[in-house]
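**Q** below are the sequence and a predicted model for it; my questions follow.
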Amino acid sequence: MKRDQTMIEKIFSRASGKDVFAGDYAWLKLNLVAMRDFGGPNVVQEYRLAFGDRKIFNKDQVAVTFDLHIPPRDEKVAVNQQLLRQFAKDQGAKLFDVNTGIGQHILMESGMVKPWDVIIGTDSHMNLLGAVGAAGFGMGTTDVAGAMYKGSLWFRVPETIKMVLNGTMPAAISSKDIILHILSVVRTDGALHKAIEFTGEAVLKMPFHDRITIASMVTEMSGEIGLLEPNDSVKDFLDKHKAGPFDTLTADNDGIYESIMEFDISKLAPLISCPHSPDNVERVTDMKDVKVDQVFIGSCTNGRYEDLASAAGILKGKKISNTVRMIIVPATMEVAMQASNAGLFDIFMNAGVVITNPGCALCTTGHPGILAPGETMISTSNRNFHGKLGKGASVYLASPATAAASAITGYITDPREA
Amino acid sequence: MKIRGRGWCFGDDIDTDQIYPGKYLPLTDKTEMAKHAMEGAEGGMDFIKGVKPHAVIIAGKNFGCGSSREHATVAIKGIGIDIVIARSFARIFRRNAVNTGLAIIEMDEPTRIKNNDDIEVDIITGKITNYSRNEVYNGHPVSPLEMDIMQAGGLLEYLKKMC
Ligand code: SF4
């Protein structure tokens, strides 16, 4: 009789054409290989060095996305993007230029990501695609260059941690609070080289944008892949974006997990990650004396329409504090249009917010909004390492609701009091 | 396939910043990169000055931990190291070694090998012979899949030959 498998093992088995289990090595067929304006130029260089102008394995399964420094902020970035544009043209690969948004989100909105898929890319947060039920990996230059040529890549099947999320999400709580709670338990190295499968009633009920937030922060636990058991919200999203049919994905009953962790989310309070590590998590109410200079809502973790709408719900008819700058950046152009049509931009502009074009924005330095030494920012992104957004600046990570509430008062503020 | 050379010993938890300090990341020339191999590790400067071609690095547990850096394996190869023997390798370093064609092997008690010992490794069977001490150890070779790639000289070389 066939041994039971985890979802990860099932995906790896299908992609390798044989039954594999944690610890096995196998070549996997890839559904998609992505590179971006950062890291991508090195891939092209290595590809050309090794394979010259030989064709990529399949032009419809290689994507180039521009999301970091868009439009280019200096000549070096412009030259890099020029190089990638030319490569995409020569090879016929799909190019998503500076007017589109964050790569992983764009790939999902283009219907290029489905449950069961195995996808690699140059960004550290490729595991965000686990929101759909795909195995997404961030990979190095050589791997991506080789994969673009061959369409497959070697992997070691990772051990998997199963995380069961029970309970109903309280109002005013978002999935950012859930993942910060999990992070405070698992810590930044708690899932080193492992996969995480999220399941349980809360996951099966979770809206799609919340799934993205959870999956994106698997990287902060050092996880290799993170995926959520697909639910109806995935089907709705994929149908809307014409992804085509896909098979259901569930784990077998007796698959072997490295460990199983259960979380009850029904009693969570708003949480915030304090400088300079994502797992340095406190309750928002315990941090309310901290003054903030800047607030950022966006990034691959919290840049969906619902994230913006949650902030708009708090900012509506109000002004942000005159000691605060606030920057809101939709994840993609689709999100921006939706926000615009729903009147969110009017609310933001009336409140005194700066809105910039879709992209990764203030996830790293190099985007407008960089901080001065000694300044403090609340961000909805995923990392708050020292110096990531300016030397000597402090970054707190929280949900869009907490970020918006704090923009109004100028201090870290519990959204339930806004 | 056998690899023979003189051992050069390092300790536990040598991270990629010790193997290849971050300040040299902008370098792209492999010869230049090789000049900084192990520079951040204890005794790294002596290593750079003294190491002869075809030497063997011996290290403790978790060799190559820390941030993913293909420079680390490229620099080690470039300075003339044919194989690294360690108690264990960090997962990402192991992947990078395979992908760049640097031979590696794990063994349980690497401290039995001392500086300058004459070592021979059969990377397929895992047999490690210490001619200086007349000892033989059982190393743990990488998986057959990794071995194929490693022996081809790295991932891209391997793929070129396959297709
Ligand atoms: S927002 Fe940051 S982590 Fe997310 S895809 Fe962009 S650069 Fe990567």
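**A** Yes, it's here. Numbering: from 1, shown residues only, chains lettered A, B, ... in the order given.

**Q** and the residue nearest the centre of chain B?
**A** Note on chain B: the residue nearest the mean C-alpha position is B:V84, at 2.8 Å, using CA atoms, centre = their mean.

**Q** is the residue nearest to it when sequence neighbours are not counted in a helix, a strand, or coil?
**A** Excluding its sequence neighbours, the residue lying closest to B:V84 (CB to CB, 6 or more residues apart in numbering or on different chains) is B:I57, at 4.4 Å. Backbone N, C-alpha and C define where each C-beta goes, glycine included. The local conformation at B:I57, judged by DSSP: H, G, I helix; E, B strand; the rest coil, is strand.

**Q** same question, A:M349
**A** Assignment for A:M349 (three-state DSSP): helix.

**Q** could you find the closest non-adjacent residue to it?
**A** That would be A:I355: by CB to CB, 6+ apart, it lies 7.1 Å from A:M349.

**Q** for the chain, which segments are assigned as helices?
**A** Defaulting to chain A. Shown for chain A, the helices assigned by DSSP state H span residues A:7-16, A:40-51, A:75-91, A:103-109, A:141-150, A:175-186, A:201-205, A:208-216, A:232-240, A:305-315, A:333-341, A:344-351, A:400-409.

**Q** to clarify, I was referring to chain B.
**A** Going by DSSP H, chain B shows helices at B:16-19, B:30-34, B:44-50, B:70-78, B:91-100, B:144-152, B:155-162.

**Q** what mean pLDDT does the shortest one have?
**A** Read it as helix B:16-19. In this model, helix B:16-19 carries a mean pLDDT of 92.

**Q** what helices or strands is it leaning on?
**A** Contact here means 3 or more CB pairs under 8 Å, 6 or more residues apart in numbering or on different chains; DSSP states H and E; on that basis helix B:16-19 packs against helix B:70-78.

**Q** what lies in contact with the helix it packs on?
**A** Contacts made with helix B:70-78 from outside it, assessed by CB atoms under 8 Å, 6 or more residues apart in numbering or on different chains, are listed as A:140-142, B:16, B:19-20, B:24-25, B:27, B:30-31, B:33-34, B:36-38, B:57, B:64, B:84, B:93, B:96-97, B:99-102.

**Q** how far does that helix sit from the chain's center?
**A** Mean C-alpha position of helix B:70-78 versus that of the full chain (CA atoms, centre = their mean, to the nearest Å) differs by 9 Å.

**Q** and it, C-alpha only, in CSV?
**A** Output in CSV follows, covering the C-alpha atoms of helix B:70-78 (Å, rounded to 0.1, in the frame of the first residue of the first chain):
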residue,chain,number,x,y,z
GLU,B,70,27.9,31.3,-4.2
HIS,B,71,31.1,33.4,-3.8
ALA,B,72,32.0,31.2,-0.9
THR,B,73,32.3,28.0,-2.9
VAL,B,74,33.8,29.8,-5.9
ALA,B,75,36.5,31.4,-3.8
ILE,B,76,37.4,28.1,-2.0
LYS,B,77,37.7,26.3,-5.4
GLY,B,78,39.7,29.2,-6.8
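
**Q** list the contacts of the residue nearest to A:L397 when sequence neighbours are not counted.
**A** Spatial nearest neighbour of A:L397, excluding adjacent residues (CB to CB, 6+ apart): A:S273 at 3.9 Å. Contact analysis of A:S273 by CB under 8 Å, 6+ apart lists A:180, A:183, A:279-281, A:384, A:396-398.

**Q** please tell me how far A:S273 sits from A:G392.
**A** Applying CB to CB, to the nearest Å, the value for A:S273 to A:G392 is 19 Å.

**Q** just give me the longest strand of chain B.
**A** Longest strand in chain B by number of residues (criterion: DSSP state E): strand B:2-9.

**Q** now the angle between strand B:55-59 and that strand, please.
**A** Put simply, strand B:2-9 runs at 60 degrees to strand B:55-59, going by axes from the mean of the first three to the mean of the last three CA atoms, to 10 degrees.

**Q** strands paired with strand B:2-9, and their directions?
**A** Partner strands and pairing direction for strand B:2-9 (DSSP bridges) are strand B:55-59 (parallel), strand B:118-122 (antiparallel).

**Q** so which bits of that strand are buried?
**A** Using 16 or more other CB atoms under 10 Å in any protein chain shown as the test for burial, strand B:2-9 gives B:3, B:5, B:7-9.

**Q** so can I have a markdown table of these showing pLDDT?
**A** Shown next, in a markdown table, are the buried residues of strand B:2-9 (pLDDT from 0 to 100):
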| residue | pLDDT |
| --- | --- |
| B:I3 | 97 |
| B:G5 | 96 |
| B:G7 | 97 |
| B:W8 | 97 |
| B:C9 | 97 |
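
**Q** let me see the contact set for residue 158.
**A** Chain wasn't specified; assuming chain A. A:8, A:22, A:193-195, A:224-225.

**Q** wait, chain B
**A** With CB under 8 Å, 6+ apart, B:Y158 has these contacts: B:148-149, B:152.

**Q** repeat that for A:N253.
**A** A:D4.

**Q** would stretch A:18-36 count as contacting chain B?
**A** Yes - for stretch A:18-36 and chain B, the contact criterion (CB under 8 Å from any CB of the partner chain) is met by A:25-27.

**Q** how about the residues of chain A that lie near chain B?
**A** Within chain A, the positions lying close to chain B (CB under 8 Å from any CB) are A:25-27, A:46, A:50-51, A:140-143, A:145-146, A:149-150, A:154, A:156, A:192-193.

**Q** closest to B:L156 out of the buried residues of strand B:2-9?
**A** Ranked by distance to B:L156 (CB to CB), the buried residues of strand B:2-9 are led by B:I3 at 21.7 Å.

**Q** tally of neighbours for A:H386?
**A** Applying other CB atoms under 10 Å in any protein chain shown, we find 13 residues neighbouring A:H386.

**Q** now do B:N62
**A** 18.

**Q** what residues are up against it?
**A** B:12-14, B:87-90.

**Q** and A:M148, by the same measure?
**A** Contacts of A:M148 by CB under 8 Å, 6+ apart are A:33, A:35, A:43, A:47, A:56-57, A:62.

**Q** what's the separation between it and chain B?
**A** 10 Å (CB to the nearest CB, to the nearest Å).

**Q** and the pLDDT at that residue?
**A** According to the per-residue confidence, A:M148 scores 98 in pLDDT.

**Q** and for B:N99, the neighbour number?
**A** Residues near B:N99, counting by other CB under 10 Å, number 27.

**Q** ok, back up a step: which of the contacts of B:Y158 come close to chain A?
**A** Restricting the contacts of B:Y158 to those near chain A - CB under 8 Å from any CB - leaves B:I149.

**Q** thought A:H181 was touching A:E282?
**A** No - A:H181 is beyond contact range of A:E282, at 11.2 Å (criterion: CB atoms under 8 Å).

**Q** A:D19 and A:K2 touch, don't they?
**A** Yes - contact criterion CB under 8 Å: A:D19 and A:K2 qualify, at 6.9 Å.

**Q** now the stretch 201-350 of chain A against the ligand: closest residue?
**A** Distance from the ligand to each residue of the stretch 201-350 of chain A (CB to the nearest ligand atom) is smallest for A:C300, at 3.1 Å.

**Q** so who does the residue lying closest to that residue once chain neighbours are set aside touch?
**A** Nearest residue to A:C300, sequence neighbours excluded (CB to CB, 6+ apart): A:I102, at 4.9 Å. Contacts for A:I102 (CB under 8 Å, 6+ apart) come out as A:65, A:67, A:299-300, A:303, A:331-332, A:358-360.

**Q** try 7 Å
**A** By CB atoms under 7 Å, 6 or more residues apart in numbering or on different chains, A:I102 lies in contact with A:67, A:300, A:303, A:331-332, A:359-360.
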